[in-house]
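Undergrad: okay, here's the prediction I keep looking at, along with the sequence it came from:
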Amino acid sequence: MTWFRHRDQGLIDVALGNAPADQVIAGGKLVNVLTKEVYPADVAIKGDRIAAVGDVARCLDSSTKTIDAEGKYLVPGLIEPHLHAYHSYTSVTNVAQALLIHGTTTTADGIYGPSIIGGIDTIRFMIDEYARTPLKLIFVVPVVGYLQNRELGLDPAPNSINAEQMMAMLDWPETVGLEEPPYLPVVQKDPVFMELYRRAIEKGLVITGHAAGIGVPEQLDAYIAAGTTTDHEAVEAEVALAEARSGMRVLMRQGSGAFDLRELSRAITEQQVDTRSFTYCADLASCEKLMHEGDIDECIREAVRAGIDPITAIQMGTLNAAQVYKLDDNIGSISPGRCADVVLVSDLRDFEVESVMAGGELVVSDGKLVAEIAPPEYPEAMYGTVRIQRDLVASDFDVPAPEGAEQVRVRVIGVVDLSLHTKELFETLKVNDGVIQPDPENDVLPIAMIDRHAATGQIGRAFVKGFGLRRGAIASSVNAVCEDIVVIGASKEDMAFAANHIAKIGGGKVAVADGKVLAEVRLPLLGLFSADPLPTIVAEFDQLAASIRELGSAVTHPFSTLEFCGACGEIGKIKISPQGIIDVEKIELVDLVAEDQAAHA
């Protein structure tokens, strides 16, 4: 039975003082997010739930275990309402450990990336993996795992979930809602999405949103009117305010490659609006980001730095997030009947997590994980999923010029540090032997995406600006929605070497130079993540980041930025796909050479 569908009736006896509590957290100061108060209170626990709060002497006897919280604040377990665990490049088991260390006791996930490669069986396996950990899962049906880039005219991956499977998941006992159906197929009334919305609403499920790209108020109104309740894609305070005023809950994002929280907090601090429509999310968080910076705990610290009152900031990361999913009768506050998820901190502003209880189990003590969480055995089908037609060579990345041209004006993908969006830039590049030449001196580098699903040999080629690589190449088998091999470099020889190496190791991320691997992280599970111990993976990513800096790039999260150079519906502007350059806003493939821009001698 799922965690939110059961409650031990023995709680009644403990609350009345007719039976003893299993545990009591004593001597702490309760952060009551229901009333925005702080006051001394003890917490009596039976099993995985809270039986009573306040003076709980009636609930105790000699068998009751006492947890000393003298001098500590008792905060509800933090709730992550929108996180793609696979974007942390490590297993669910490892992500659970990282989140628990930072006080997150519940997370929402649709497992969409793995579903693109491994289909519905992989979703089921990973839901079960979540259940093996103390971290609670809010499962939301991975709509993007079905959609992928269909609305951009691109074919879905061959083993991904289909519409019938997506509908069937609505009936799973773990299902709480839908994970971010984008606005475009909704406002266009795509029949699959209309049926999905109809069934979800009939079942009382929560429909979370993805409103990137909405340009006119009437589309936002239509998207909300259809039943969509949240958005995590706002990057401007004015947009967040408009969404909140229209009834949406705004998930202020603070993840890898997307640092939006400080800007969005202006909607609260400058407009003085009620905060109950605002919460946080990471969306995408690399494993080193989770370990070094944190998750919702970092959001709380950032909100306080932005001028939000600490109690309010905590309320936004607990109660508000629970209310998003209509689960505030289970999580989000320290009150009778709720899950015994409690975080202990010494200071509400610094918000450094010291101890964590999840479902009545002490999982973190003195900042260290004390729970034993064993990883599962992963099925063979999750390995060997990165396939290319043949070894690549440097000339595979050549871009032919119009006949007779000596220089051409080309479209260039312009990356923006700390943003998932790209710009459409135009650069004039030289032609040599009929091939358009990159301009590394001006940071215009080749980029390519190679099909790795069906080994078709398909390669999309373009140019990118903003990475700053002076030599070598970097490549990855992870990129939102496409999940193909993507590679950029200052050397085409190194690009070929990097892409071939990704295929050879069965997936991962790599930095190379002069035909040698400088650093790598192997991601053999679906080509998306690793089950190696978390400290090992974090150390490998730290080394990889250092190697990329040595190659000249100053991009804060280079692989998160690289991932979103790939085609991804609604997140503009121009992106690379195995078919070539996609203009996301025009929803069409566009020529690399700008129209009427070929410059002849």
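TA: Okay, I see it. The shown structure was predicted, so the numbers you read here are calculated from the model rather than taken from an experiment.
Undergrad: in the protein, where is pLDDT below threshold?
TA: Low-confidence segments of the chain, defined by pLDDT under 70: 595-601.
Undergrad: tell me how many other residues surround Gly215.
TA: By the criterion of other C-beta atoms under 10 Å, Gly215 has 8 neighbours. Yep, even glycine has a C-beta here, placed from its N, CA and C like the rest.
Undergrad: ok, the one 10 residues further on next?
TA: Other residues within reach of Ala225 by the criterion other C-beta under 10 Å amount to 12.
Undergrad: distance of it from Glu202?
TA: 17 Å (C-beta to C-beta, to the nearest Å).
Undergrad: now swap in Glu236 and tell me
TA: 35 Å.
Undergrad: can you check Gly209 too?
TA: 19 Å.
Undergrad: more neighbours, those two?
TA: Gly209 (29 against 9).
Undergrad: not counting sequence-adjacent ones, nearest residue to that one?
TA: Thr228 (4.1 Å; C-beta to C-beta, 6 or more residues apart in numbering).
Undergrad: give the contact list for that neighbour.
TA: Neighbour list for Thr228: 181, 183, 186, 207-209, 211, 248 [criterion: C-beta atoms under 8 Å, 6 or more residues apart in numbering].
Undergrad: keep only those of those that are in helices.
TA: 183, 186 (DSSP state H).
Undergrad: nearest to Asn479, of the contacts of Thr228?
TA: Asn479 has its nearest neighbour among the contacts of Thr228 in Pro181, at 20.3 Å by C-beta to C-beta.
Undergrad: that closest one: neighbouring residues, count only.
TA: Neighbourhood size, Pro181 [other C-beta under 10 Å]: 27.
Undergrad: could you do Ala554 as well?
TA: 11.
Undergrad: swap in Leu525?
TA: Burial of Leu525 is recorded as 24 neighbouring residues (other C-beta under 10 Å).
Undergrad: the stretch 251-400 of the chain: helices as residue ranges?
TA: Along the stretch 251-400 of the chain, the stretches classed as helices by DSSP state H, counting those that start in this stretch are 261-264, 266-269, 287-292, 296-305, 310-316, 319-324.
Undergrad: closest to Ala98 out of those helices?
TA: Closest among those, once you apply C-beta to C-beta, is helix 287-292, at 4.1 Å.
Undergrad: and the closest one, how far out from the chain middle?
TA: 13 Å (C-alpha atoms, centre = their mean, to the nearest Å).
Undergrad: list the helices and strands that helix packs on?
TA: helix 92-101, helix 534-550 (3 or more C-beta pairs under 8 Å, 6 or more residues apart in numbering; DSSP states H and E).
Undergrad: distance from the last one to the middle of the chain?
TA: Between the centre of helix 534-550 and the centre of its host chain there is 20 Å, according to C-alpha atoms, centre = their mean.
Undergrad: for this protein, what's the longest helix?
TA: helix 112-131.
Undergrad: go ahead and confirm Asp443 touches Ala490.
TA: No: applying C-beta atoms under 8 Å, one finds Asp443 not in contact with Ala490, separated by 9.4 Å.
Undergrad: just the helices and strands packed on helix 287-292: most buried one?
TA: helix 92-101 (a mean of 26; mean count of other C-beta atoms under 10 Å).
Undergrad: ok, residues contacting that one?
TA: Contacts of helix 92-101 (C-beta under 8 Å, 6+ apart): 80, 85, 88, 105, 107, 126, 129-130, 132-135, 287, 290-291, 295, 353, 356, 358, 363-364, 367-369, 371, 373-376, 531, 533-534, 537.
Undergrad: list only buried entries from those.
TA: 80, 85, 88, 105, 107, 126, 129-130, 133-135, 287, 290-291, 295, 353, 356, 358, 363-364, 369, 371, 531, 534, 537 (16 or more other C-beta atoms under 10 Å).
Undergrad: by contact count, what packs against the helix or strand containing Ala44?
TA: For Ala44, the host element (DSSP states H and E) is strand 42-46. Contact here means 3+ C-beta pairs under 8 Å, 6+ apart; on that basis strand 42-46 packs against helix 10-16, strand 23-26, strand 49-54.
Undergrad: what about that strand, distance to the chain center?
TA: Worked out by C-alpha atoms, centre = their mean, strand 42-46 lies 34 Å from the chain centre.
Undergrad: output that strand in PDB with nothing but the alpha carbons.
TA: The C-alpha trace of strand 42-46 is given here as PDB (Å, rounded to 0.1, in the frame of the first residue of the first chain):
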ATOM      1  CA  ASP A  42       7.500  17.900  22.000                       C
ATOM      2  CA  VAL A  43       6.400  15.500  19.300                       C
ATOM      3  CA  ALA A  44       5.000  12.000  20.000                       C
ATOM      4  CA  ILE A  45       5.400   9.400  17.300                       C
ATOM      5  CA  LYS A  46       3.800   6.000  16.700                       C
END
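Undergrad: quick check: Val206 vs Pro181, distance?
TA: Distance, Val206 to Pro181, using C-beta to C-beta: 12 Å.
Undergrad: you'd agree Phe541 is up against Met291?
TA: No: contact between Phe541 and Met291 fails when scored by C-beta under 8 Å: they sit 9.3 Å apart.
Undergrad: measure stretch 78-87 end to end?
TA: 20 Å (C-alpha to C-alpha, to the nearest Å).
Undergrad: over to stretch 267-282?
TA: 19 Å.
Undergrad: roughly how far out does it sit from the chain middle?
TA: The answer for stretch 267-282 is 21 Å, by C-alpha atoms, centre = their mean.
Undergrad: now stretch 18-34
TA: Its chain's C-alpha centre and that of stretch 18-34 lie 33 Å apart, by C-alpha atoms, centre = their mean.
Undergrad: also stretch 49-63?
TA: For stretch 49-63 - counting by C-alpha atoms, centre = their mean - the centre lies 38 Å from the chain centre.
Undergrad: with stretch 276-294 instead?
TA: 8 Å.
Undergrad: likewise for stretch 245-257?
TA: The answer for stretch 245-257 is 13 Å, by C-alpha atoms, centre = their mean.
Undergrad: same thing with stretch 473-493?
TA: 19 Å.
Undergrad: just stretch 38-58 next, same as before
TA: Using C-alpha atoms, centre = their mean, the offset of stretch 38-58 from its chain centre is 34 Å.
Undergrad: for that stretch, measure first residue to last.
TA: Stretch 38-58: ends 23 Å apart by C-alpha to C-alpha.
Undergrad: do stretch 565-572 as well
TA: Start-to-end span of stretch 565-572 (C-alpha to C-alpha) is 9 Å.
Undergrad: repeat that for stretch 338-353.
TA: 21 Å.
Undergrad: tell me how far it is from the chain's mean position?
TA: On C-alpha atoms, centre = their mean, the centre of stretch 338-353 falls 23 Å from that of its chain.
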